[in-house]
Structure formats: C-alpha cells, structure tokens
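# please work out how this folds:
(one chain, ligands or ions: 1)
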Amino acid sequence: MIQSTFTYDVLVIGAGGAGLRAAIEAAASGVTVGLICKSLLGKAHTVMAEGGMAAAMANNDDRDSWRVHFADTMRGGQYINNWRMAELHAKEAPDRVRELEGWGAVFDRTPDGRINQRNFGGHRYPRLAHVGDRTGLELIRTLQDHAVYLGMNVHMEHTVVELLLDDGRAAGVLAYDRERGRFHVFSAKAVVLATGGVGRAYKITSNSWEGTGDGHALAYRAGAEMIDMEFIQFHPTGMVWPPSVRGILVTEGVRGEGGVLKNNQGRRFMFDDIPDNYKPQTASDPEEGWRYTQGDKNARRPPELLTRDHVARCIVREVREGRGSPHGGVFLDIAWIKEKLPNAEEHIKRKLPSMYHQFKELADLDITKEPMEIGPTTHYVMGGIRVDADSQMSSIPGLFAAGECASGINGANRLGGNSLSDLIVFGKRAGEYAAQWARQHSAARVDEGLVDRAMRNSLSPFDRGDSGENPYRVQSDLQETMQDLVGIVRNESDMQEALRRIWQFKERSNRVGVSGHREYHAGWHTALDVRNLLDISECIARSAIERKESRGGHFREDYPDKAAELSTVNVMTKRGPDGTLQVSRVPIPAIPDYLKEVIEEQKS
Ligand SMILES: Cc1cc2nc3c(=O)[nH]c(=O)nc-3n(C[C@H](O)[C@H](O)[C@H](O)COP(=O)(O)OP(=O)(O)OC[C@H]3O[C@@H](n4cnc5c(N)ncnc54)[C@H](O)[C@@H]3O)c2cc1C
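Numbers count the residues shown, from 1 in each chain. You can find the predicted model right below:
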C-alpha cells in the first residue's frame with residue numbers, strides 16, 4: 001500500500017555534492033524541488049572526500065589555466081573522454097569553487113590570503129582547492145546550508161527502488177522509507193539521478209555503504225544508455241591492515257605532501273616504470289620530486305604522482321614479485337620528510353590531520369614516525385549513465401544524471417580531485433536544465449500498475465522468509481567474484497567465468513528471503529541492493545570483455561597494449577527490449593580543432 005504521494009517539478013535523487021548542487025540550482029530558479037537520499041542529510045559519501053577539488057585558479061602557480069587542466073584531464077582519460085565535458089569542466093570549475101567560498105566554505109589559504117591549491121596525481125600544477133584533508137565535509141556542509149536556506153523538501157533515509165516512466169519519459173520514482181519500510185510515490189516533471197558510485201560490488205573498497213550503484217541500475221533497467229562501465233578506478237593507496245579496515249582510503253594528499261612509495265627492499269620502485277607520455281613531466285630523481293612537492297616551479301612531479309591506474313599496477317607488480325609488505329601491500333612513507341623539515345611532525349599533523357588520526361586509531365601507527373602499509377582499493381567508477389555534455393540529460397527524456405553516476409568526463413581514468421569539481425560543475429548544469437525542462441513540460445502520468453508491480457517485487461523477499469537464500473551470502477559471493485575475476489588485472493577466461501557466476505547469482509537473488517517486520521530491516525535492504533549490484537556487475541564484466549585492449553583503469557594481461565580501433569569508441573551497455581543486456585561500440589565524435597591544438601600545445 002502507498003503511504004503517501006508527493007509532487008515536484010524537479011526531483012533529485014541523492015544528496016552528495018552533485019545532488020545538492022543540482023537541487024540548489026533548480027530551487028534558485030523558482031521551481032519546486034524534492035530531494036531524496038538513503039542516509040541522513042549531510043552524511044552522503046561525498047563527506048568522505050579528502051584531498052580537494054581541482055580547478056585551474058592559478059593561485060599557487062600562474063602557469064595554470066583551463067587549457068592545462070583540460071589537457072591533463074584528456075591525457076589522464078587516455079583520450080576517450082567526452083571532450084566537451086572535459087572542456088566545460090576545466091573552464092567552469094574555478095567559478096564554482098569561488099561560488100562555494102561566497103556561500104561560506106572556509107578553504108585553506110596561501111600566505112597572501114587566496115584559496116590554497118595542492119598537488120595531486122596527473123595534474124601538472126598545484127590545482128586542488130582543499131580544507132586540510134576534509135574537503136568533502138566542507139563541501140557538503142556549505143551546500144547543505146545553502147540548500148536549506150533556499151528551501152526544499154528533503155526526504156531522508158528513503159531508498160528509491162524504481163524509476164517511473166510515462167511513455168518513455170521520466171515521470172517520478174517509487175521509494176520506501178528505511179525507518180518504517182513504507183512505500184511513497186514521487187511524481188515529477190524532471191528527475192535528476194545523483195546517486196554516486198558502485199564500489200560495493202567489490203570486496204575491497206573505499207566506498208561508503210551507499211555505493212551500491214542504485215542510480216546506475218535504476219537508469220539501466222529503465223532503458224538508459226550506459227557507457228565506459230569497464231573503467232573502474234582502483235586507488236593505489238588503501239589501508240591493508242588490520243583486516244577490519246582494509247580498503248579505507250589513504251588520501252593522495254599524502255603523496256602530494258611528499259610521501260614516497262617503497263617496497264620491502266626500501267626501493268622507490270615508482271622511478272623504475274614511468275610511461276613515455278609522462279616522462280617529460282616527471283622528476284628524474286628523488287631530490288627534484290621533493291622540490292616539486294614543496295612548490296618549486298622549476299621541478300617536475302615525483303613518479304608517485306603519476307595517474308592512479310599506473311601507480312596501482314606498479315604496486316600489484318611489486319606484491320606479485322615478492323617485494324610487498326608483510327600484509328600484502330607496499331610502504332607509503334611520509335615520516336621520512338623529517339630529513340628535510342625541522343618541524344616535520346607538526347607539519348604532517350597540520351596538513352594531514354585525518355590521516356594521522358585514521359592510522360593512530362585504526363592501526364595503532366604514528367605516521368609521523370613510521371611508514372604506512374597500503375595497497376589498491378576499489379574507489380571510483382568512470383562509467384555510468386550517458387549524458388548530453390551541456391544539459392546532463394540522459395537518453396531518457398526528462399531524466400538527468402550528474403556526479404559519479406553519470407559518465408563521460410573522465411574517459412578511461414579519473415584524475416584525483418576531478419570528481420568534486422565535476423559534482424559542482426555538472427550538478428549545477430543538471431539542476432539548471434532539469435528546471436528548464438520542468439518549466440517547458442506538463443506533468444507526466446504515474447502508471448499505477450507499474451507502481452504495484454514494483455512494490456510487489458520489492459516485498460517478494462518477505463514471501464520467501466527464512467526458507468529463501470541469504471541476501472548477505474549472495475552479496476559477498478558477488479563481491480569476491482568481482483574482486484578476483486574483474487579486478488585490477490583482467491583476462492578473458494576470468495571474466496567469462498565471472499559472467500557465468502553473475503548469472504547464477506541473479507537466479508539466487510530471485511530466491512532471497514527475509515523475515516520479520518519492515519522497520520530498519522538491514523537484510524531486506526541488502527536483498528534490494530544486491531539486484532542493483534548484480535545488474536551493474538554484469539555491465540562492468542560485459543564491457544570489460546568487449547574492450548580487448550588495456551587503457552586507463554582497464555588492464556588486460558591478454559591484451560596489454562592499446563588498440564587503435566578502440567581509441568575512438570566508448571563501449572555502451574543497454575537493456576534490450578527482451579530484458580537482456582546489449583553491448584555495442586559507439587563512436588566518439590571528432591574533437592574540434594581548437595581543442596586538438598590545446599592538447600598538442602600541452603604535450604611538451
Ligand atoms: C574516501 C574517499 C575520498 C575521496 N576523496 C576525493 C577527493 O579528495 N577529491 C575528489 O575529487 N574526489 C574524491 N573522492 C571521490 C568523490 O568523493 C566521489 O566521487 C563523489 O563524492 C561522489 O559524489 P556524488 O554526489 O556523485 O555521490 P555521493 O556523494 O556518493 O552521494 C550519493 C547520494 O545518493 C543517495 N542515494 C544512492 N542511492 C540511492 C537510492 N536508491 N535512493 C535514494 N538515494 C540514494 C545517497 O544516499 C547519497 O545521498 C573520494 C572518494 C572516497 C571514497
């Protein structure tokens with residue numbers, strides 16, 4: 001039974017950086033806005049972001065500009081990015097950051113009082129506006145305050161289970177409140193998905209519990225086009241010990257502040273493998289790398305700040321070849337900077353306060369004195385809902401997507417810091433165009449039959465009760481499979497095996513059962529999450545099988561090189577009319593000459 005019905009012009013699903021920024025823009029334009037999120041307002045995954053947001057404000061190095069940021073993003077994405085999104089992002093991020101400052105965000109400062117910017121992997125110049133290593137918290141706090149000030153209805157602790165369409169157009173959603181387990185219908189002229197990532201499809205991940213790919217799966221099941229799902233970012237530095245904290249992120253800011261990677265022989269192995277296209281920009285020795293981290297404009301960045309895909313693979317190589325740390329990672333050492341700075345301990349605690357506390361409390365280790373043990377962790381999905389670059393509308397009319405659940409800007413690999421700026425640039429655009437769409441269209445019709453079917457389907461685990469499959473078991477079997485068979489290093493036979501298992505897990509997920517009442521029922525929530533994780537995992541595996549080459553976050557040991565014919569296409573997954581997944585290659589539109597010139601000019 002439906003508990004209540006709400007009607008809005010624009011409905012935003014997700015209250016992370018992208019959702020809040022979209023909701024703000026729509027509300028500011030005068031339309032009615034509803035915001036739905038799974039957790040409490042202010043607790044979305046974005047709050048965990050640490051290092052900063054990339055924007056070419058040139059505060060710390062006046063050689064920076066949108067042109068350099070654009071070229072860095074395209075190089076990082078190995079040139080299969082949506083170039084228009086990369087262009088808009090590089091041009092608009094500085095204004096979006098300054099706007100946050102105007103709304104009250106308290107960024108770290110340069111000595112002359114400007115927003116301070118730090119180094120991060122793949123960014124040529126110091127570019128990340130930050131608040132210590134708690135940038136996400138400040139971003140969310142600022143956006144949340146501004147959203148509340150503008151006025152909108154927030155439906156917290158509600159989970160959307162179905163996207164409702166009217167004759168192919170977005171019409172609203174069906175959601176249940178997690179507290180009581182009752183269903184609510186939300187009708188809207190435009191719907192914005194801003195549901196974040198999919199990290200929970202893997203066993204080792206930095207993602208919060210919310211990262212179950214719900215928006216990806218809702219859009220996929222509704223028939224939206226998905227692209228680049230093969231590109232998963234494995235962040236090189238997650239905690240590896242103790243086991244209970246495995247996967248928790250160790251920010252790239254540690255390396256930006258001078259932290260170095262060493263194997264069990266004490267060797268800085270990153271100097272052994274620098275890709276040709278990054279050689280001109282990479283330090284030739286440790287001394288030059290150190291000077292770079294301290295702001296010397298004549299120095300080049302250390303190899304620890306190469307792109308994440310490359311650093312993660314180098315770590316895997318060290319571990320596989322027996323040069324790893326005792327618990328299967330390598331060492332990340334920031335304590336060594338005491339050789340360079342007299343006040344190193346204080347400096348580390350001031351620059352990396354969360355990292356200091358994280359290791360002290362979770363691993364009983366003082367990072368100002370000892371190296372950390374780290375290893376790769378599933379961090380970010382480059383793939384997602386295919387959107388129009390300017391408006392963020394998906395292939396479903398009236399359905400928009402922004403943030404991590406949308407795709408295009410990052411291509412084969414995201415540069416650190418480009419997500420938070422993506423959220424505010426494209427969150428704003430999604431909100432603006434969703435409001436415009438809502439003003440131009442009449443209300444869509446909610447199909448009661450579809451609502452009834454979706455409710456029955458969602459409640460079906462209760463029909464099977466304790467005699468059904470355990471949803472946690474299906475989830476953990478899936479996570480093991482994705483980790484082992486569709487992880488950092490992939491090959492055809494492993495991925496075919498993964499696919500076979502995913503289909504079996506799908507059958508098992510149709511048989512999952514839960515018992516008891518619906519209030520805060522974690523087992524039931526998991527039973528519903530698993531369906532999303534399974535659909536998304538199938539998209540990942542099928543796309544990864546289709547891309548028979550290695551590029552960015554997708555590394556295949558059976559095809560270790562890039563393939564020319566795949567350098568101009570995105571792999572698209574879409575649900576066919578018969579309900580099965582269809583894979584195809586879609587050509588990337590030719591890049592215009594003025595952007596080609598920017599890429600060429602920045603190659604040296
Ligand atoms: C530890 C960590 C540190 C990071 N640091 C940085 C950094 O320094 N710089 C950077 O650029 N990037 C960083 N990232 C990446 C970045 O934080 C994320 O990509 C980004 O925050 C995603 O934001 P989002 O708005 O797309 O989604 P999220 O912040 O993930 O928010 C998703 C929202 O959708 C809601 N939702 C999901 N499913 C449903 C559903 N079914 N029904 C209703 N609501 C739903 C959730 O409740 C939540 O409110 C980091 C990531 C991690 C894990």
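# how about the residues of the stretch 401-550 of the chain near the ligand?
Near the ligand, the residues belonging to the stretch 401-550 of the chain are 403, 404, 416, 417, 418, 419, 420, 423 when assessed by CB under 6 Å from any ligand atom. Bear in mind the C-beta positions are built from the backbone N, C-alpha and C, glycine included.
# give the PyMOL command for selecting the buried subset of these.
Provided next is the PyMOL selection string for whichever of these are buried by 16 or more other CB atoms under 10 Å:
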select buried, resi 403+404+416+417+418+419+420+423
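# pLDDT check: weakest of the residues of the stretch 401-550 of the chain next to the ligand?
Model confidence across these bottoms out at residue 416, which has 93.
# residue 570 belongs to a strand?
Yes - secondary structure of residue 570 (DSSP: H, G, I helix; E, B strand; the rest coil): part of a strand.
# next one: phi and psi at the residue positioned nearest the centre of the chain?
In the chain, the C-alpha nearest the mean C-alpha coordinate belongs to residue 380, at 3.7 Å (CA atoms, centre = their mean). Summarising the backbone geometry of residue 380 under the convention degrees, to the nearest 10, its torsions are phi -160, psi 150.
# give me the nearest residue to it, chain neighbours excluded.
Distances taken as CB to CB, 6 or more residues apart in numbering put residue 233 closest to residue 380, at 4.0 Å, once the chain neighbours are dropped.
# surely that neighbour is in a helix?
No - in this structure, residue 233 is strand, not part of a helix, as judged by three-state DSSP.
# distance of residue 147 from the ligand?
Taking CB to the nearest ligand atom, to the nearest Å as the measure, residue 147 and the ligand are separated by 12 Å.
# residues contacting that residue?
The contact partners of residue 147, by CB atoms under 8 Å, 6 or more residues apart in numbering, come to 20, 23, 24, 27, 35, 154.
# enumerate the residues of the stretch 251-400 of the chain near the ligand.
Of all the residues in the stretch 251-400 of the chain, those lying near the ligand are 379, 380, going by CB under 6 Å from any ligand atom.
# check contacts around the residue in the stretch 251-400 of the chain that the ligand sits nearest to.
Scanning the stretch 251-400 of the chain for the residue nearest the ligand gives residue 380, at 5.5 Å (criterion: CB to the nearest ligand atom). Shown here is residue 380, whose contacts under the criterion CB under 8 Å, 6+ apart are 197, 199, 232, 233, 235, 404, 414, 419.
# now the helices: where do they sit in the stretch 51-200 of the chain?
Applying DSSP state H, counting those that start in this stretch to the stretch 51-200 of the chain gives helices spanning 66-76, 83-102, 135-150.
# how about the contacts made by residue 66?
Residue 66 is in contact with 56, 87, 90, 91, 94, counting by CB under 8 Å, 6+ apart.
# start to end distance for stretch 239-258?
Across its full length, stretch 239-258 reaches 18 Å end to end, with CA to CA, to the nearest Å as the criterion.
# please apply the same query to stretch 339-358.
When the termini of stretch 339-358 are compared using CA to CA, they are 24 Å apart.
# in that stretch, what's buried?
Of the residues in stretch 339-358, those scored as buried under the neighbour-count criterion (16+ other CB under 10 Å) are 344, 345, 347, 348, 349, 351, 352, 354, 355, 356, 358.
# find the residue closest to the fourth one in space, skipping its chain neighbours.
Looking back up the chat, that one is residue 348. For residue 348, the closest residue by CB to CB, 6+ apart turns out to be residue 368, at 4.8 Å.
# that neighbour and residue 548: what is the separation?
Shown here: residue 368 relative to residue 548, a distance of 47 Å by CB to CB, to the nearest Å.
# who has more neighbours, the two?
Per other CB atoms under 10 Å, whichever of residue 368 and residue 548 has more neighbours is residue 368, with 18 against 13.
# does that one touch residue 345 like I think?
Yes - the pair formed by residue 368 and residue 345 meets the contact definition of CB atoms under 8 Å, at 4.3 Å.
# list residues touching both of those two?
When CB under 8 Å, 6+ apart defines a contact, the residues bordering residue 368 and residue 345 alike are residue 338.
# residue 270 should be in a helix, yeah?
Yes - assigned with three-state DSSP, residue 270 falls within a helix.
# give me the pLDDT for it.
Model confidence at residue 270, given as pLDDT, is 97.
# contacting residues for it?
If you count contacts by CB under 8 Å, 6+ apart, residue 270 has them with 260, 261, 302, 303, 304, 306, 311, 314.
# tell me the contacts of the first one?
Residue 260 sits next to 268, 270, 286, 289, 302, 304, 332, 333, 336 when contact means CB under 8 Å, 6+ apart.
# so what's it bridging to?
Listed beta-bridge partners, residue 260: residue 333 (assigned using DSSP bridges).
# ok, it to residue 302 distance?
From residue 260 over to residue 302 (counting by CB to CB), the distance is 7 Å.
# quick check: nearest residue in space to residue 255, chain neighbours excluded?
Of all residues not flanking residue 255 in the chain, residue 304 sits nearest, at 4.4 Å (CB to CB, 6+ apart).
# burial check on residue 572, number of neighbours?
In terms of burial, residue 572 registers 21 neighbours under the definition other CB under 10 Å.
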